[in-house]
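Student: sequence first, then the predicted structure:
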There are 2 protein chains.
Amino acid sequence: MADDDEITAKRPTIYDLAQIAGTSASAVSSVLNGTWKKRRISARLAERISRIAEEQGYAVNLPARMLRRDRSRVIGMIIPKYDNRYFGAIAEHFETMARERGLFPVITCTQREPDLELEAAREMLSYQVECLIVTGATDPDRIADLCSAARVRAINLDLPGSRAPSVVSDNFSGALELTRVILSRVRADFGTALPLYFIGGRAQDNNTRERLRGFTAAHVEAGLAVPEDNCLMRGYSAAKTLAAMADLKIADGSGVFVNSTIALEGVVRWLHDQPNPPQMRFGCFDWDPFAAFLPQNVGMMQQDVATMLSTAFQLIETPPEGAPTLQIPCRFRPRP
Amino acid sequence: MADDDEITAKRPTIYDLAQIAGTSASAVSSVLNGTWKKRRISARLAERISRIAEEQGYAVNLPARMLRRDRSRVIGMIIPKYDNRYFGAIAEHFETMARERGLFPVITCTQREPDLELEAAREMLSYQVECLIVTGATDPDRIADLCSAARVRAINLDLPGSRAPSVVSDNFSGALELTRVILSRVRADFGTALPLYFIGGRAQDNNTRERLRGFTAAHVEAGLAVPEDNCLMRGYSAAKTLAAMADLKIADGSGVFVNSTIALEGVVRWLHDQPNPPQMRFGCFDWDPFAAFLPQNVGMMQQDVATMLSTAFQLIETPPEGAPTLQIPCRFRPRP
DNA sequence: CTTGGATGCTCAATCGGTGTAGCATAGATT
DNA sequence: AATCTATGCTACACCGATTGAGCATCCAAG
């Protein structure tokens, strides 16, 4: 009994297994990591060791293995939030694809705080990740520098950077198409042809700029000019968007381009708070299964997460020259 | 130049820094991990080492540190999905609280696949996590056994187990209250007093059973019996729920208790697909900001994620006797 | 009987930090 | 002068797994 306790009190190591099996630690190691044939261990011994490992509930000590091996087989991702379907889908696809490739995925969420992004990236490097996917970072280039100093490949996702390859949506085309749909629906439903409002995001970030460009291009096509006051970009926060909506004087027959589902939360709350909500239509960049059914919604621009991630993994597997930005088309989902 | 390359070609170790500083690796180590005062290193040397570490872009090798230290300071969580606000909030709170406690959070999502749950738990143990939070697991007890064999504490979250402490919502009370609200709203809006439908979840899982108990109790209060056919539990999948909805013959004046936002996706899609959607009301266990605004919704039962997680961390910090299940009250959010 | 090759295993160095034990020097105390 | 204490540092044995090098043993061929 005392002996049994001794054995299970600490997690068994290959040395413990070796002693039980009456063999050496190297034999145990090679059996448990699959290199035993190459190392000419007999099938008989291999089987005995495997059985004992099973019995003892052995689990390899990964930090020890990582210390010794040149490759850690850990792949990291930093991501801003888990509060919307887009980032949720990115996280799930990332984990699945990493596992398919025999990698151990580690994700950490950075709450859209630039300091936390940098700190998290540093932690990932300390963890000896082989590669870091930097999702929606405020300042991807600082992180890319950190990574290149540590000889770790970095890939930007969602928001591009200039010092590492990037995979982003084709925001311009997506915004162009979405804006066209909203404009035509507003005309069809209300007979109006007013410039739309643009709500959400940050004027500094690349995606917002690109979408604003598509938004503007669609207006130009339609012979409309967008007044500067029609654009409200108070960051990725429902509360801030809501608080600022009052300034917009959205009237009957208006149309709104909503730049994220988070901003849409603010818009929907605002609409609901109005004693006489205006007759209006909106479209949203990013998809949400419930928002899709809201009565004023004309459709949602869904980003192609699966393709974005398989592209990112391709970039990891065959690193390109320089820091190209690959654009992935979005898929418009009209109101069901 | 060649020298510079030599230095940056591999990530610097404390030995590299020691050589540059003309001191020993132990001095470097103690300076960089903050134990240098205790080890009587002079402030002058400490500062010099810090400067050199900074210059060289040194980052500690965590696997090496973990190998040597008795504590890894890594805390793990497995979670089924990232596709709803509840699990998203759990993941975010977990990461924040872990960081506040100086722990490194590692989350992995298991796609509701029992095999993946077990595999992920094994990986976490190999990673030398100090503790594992098992969220919404199909078979938490198997994981608890794995953990106790490895002398790692496990805490069940969301779904309880019998072999490790659990933190769950007070599903009975929550369901009781939600059912009362739906019944009274159906009566007020339609003048009907029919038993409600119960949609979503798995009959085997504890939360669904508890909620069904609350649902039934509220019906008993109201002098109603629930026909068995009113309950549809086809798992946590919108598609399966949708496919099965047809059997239910939901008529005007009906009320529905929806057991998760995932099931609600199915319900909403079904409603939308009907040529003549029935006049009905529903309430949902779990909250979603967009679903909250759906016209038939009477309110959502939001689980108190912050309290659940701080309770879980308390259980980690002061382990209780046995495997108690702590119930956290939910908060009802009426339709805004 | 010797040589050669295959077979089946073990030894020991190594990865990068950590921390105990201990050494050398300087100044203070008896 | 001898002892003591404090200061400032280094040496070295670990943690657990990996892996190149090497040691027996056995059988077959010459």
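Tutor: Thanks, I have the structure now.
Student: now do the strands in chain A.
Tutor: All strands of chain A, identified by DSSP state E, fall at A:74-79, A:104-109, A:131-135, A:153-157, A:166-169, A:197-199, A:231-232, A:254-258, A:280-285, A:297-302, A:325-328, A:331-334.
Student: residue B:308: which of the ones you listed is closest?
Tutor: With distances scored as CB to CB, the stretch of the strands of chain A nearest to residue B:308 is strand A:104-109 (17.9 Å). Every C-beta, even on glycine, is put in place using the N, C-alpha and C of the backbone.
Student: ok now that closest one, how far from the chain's centre?
Tutor: 10 Å (CA atoms, centre = their mean, to the nearest Å).
Student: who touches it?
Tutor: For strand A:104-109, the surrounding residues in contact (CB atoms under 8 Å, 6 or more residues apart in numbering or on different chains) are A:62, A:73-82, A:91, A:94-95, A:98-99, A:120, A:123-124, A:127, A:129, B:91-92, B:95, B:105-108, B:123.
Student: show me what contacts the most centrally placed residue in chain A?
Tutor: Residue closest to the mean C-alpha point of chain A, counted by CA atoms, centre = their mean, is residue A:90 at 4.0 Å. Listed by CB under 8 Å, 6+ apart, the contact set of residue A:90 reads A:77, A:79, A:135, A:157-158, A:305, A:308-309.
Student: so for it, what pLDDT did the model give?
Tutor: We have a pLDDT of 98 for residue A:90.
Student: ditto for the one 5 residues further on
Tutor: As summarised for this prediction, residue A:95 has a pLDDT of 98.
Student: leaving out chain neighbours, which residue sits closest to it?
Tutor: Counting by CB to CB, 6 or more residues apart in numbering or on different chains, residue A:95 lies nearest to residue A:105, which is 4.6 Å off, once chain neighbours are set aside.
Student: before we move on, what about residue A:269?
Tutor: Leaving aside its sequence neighbours, residue A:269 sits nearest to residue A:242 (CB to CB, 6+ apart; 5.2 Å).
Student: same thing with residue A:94?
Tutor: Closest residue to residue A:94 apart from its sequence neighbours, by CB to CB, 6+ apart: residue A:77 at 5.3 Å.
Student: domains of chain A?
Tutor: According to automatic domain parsing, chain A comprises the domains A:2-60, A:68-164, A:171-302.
Student: now do the helices in chain A.
Tutor: A:2-9, A:14-21, A:25-32, A:43-56, A:62-68, A:85-100, A:114-126, A:140-149, A:171-190, A:206-221, A:238-245, A:261-273, A:305-317 (DSSP state H).
Student: hey, least reliable of these by pLDDT?
Tutor: The bottom spot among the helices of chain A, by mean pLDDT, belongs to helix A:2-9, with a mean of 43.
Student: that older thread, any chance of the strands of chain A in a markdown table, plus distance to DNA strand D, mean neighbour count and mean pLDDT?
Tutor: Formatted as a markdown table, these follow (distance: least, CB to the nearest atom of the strand, whole Å; neighbours: other CB atoms under 10 Å in any protein chain shown; pLDDT from 0 to 100):
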| stretch | distance to DNA strand D | mean neighbour count | mean pLDDT |
| --- | --- | --- | --- |
| strand A:74-79 | 14 | 25 | 98 |
| strand A:104-109 | 13 | 24 | 97 |
| strand A:131-135 | 19 | 28 | 98 |
| strand A:153-157 | 21 | 26 | 97 |
| strand A:166-169 | 32 | 24 | 98 |
| strand A:197-199 | 53 | 25 | 97 |
| strand A:231-232 | 55 | 22 | 94 |
| strand A:254-258 | 50 | 27 | 97 |
| strand A:280-285 | 46 | 27 | 98 |
| strand A:297-302 | 42 | 23 | 98 |
| strand A:325-328 | 34 | 18 | 98 |
| strand A:331-334 | 43 | 14 | 98 |
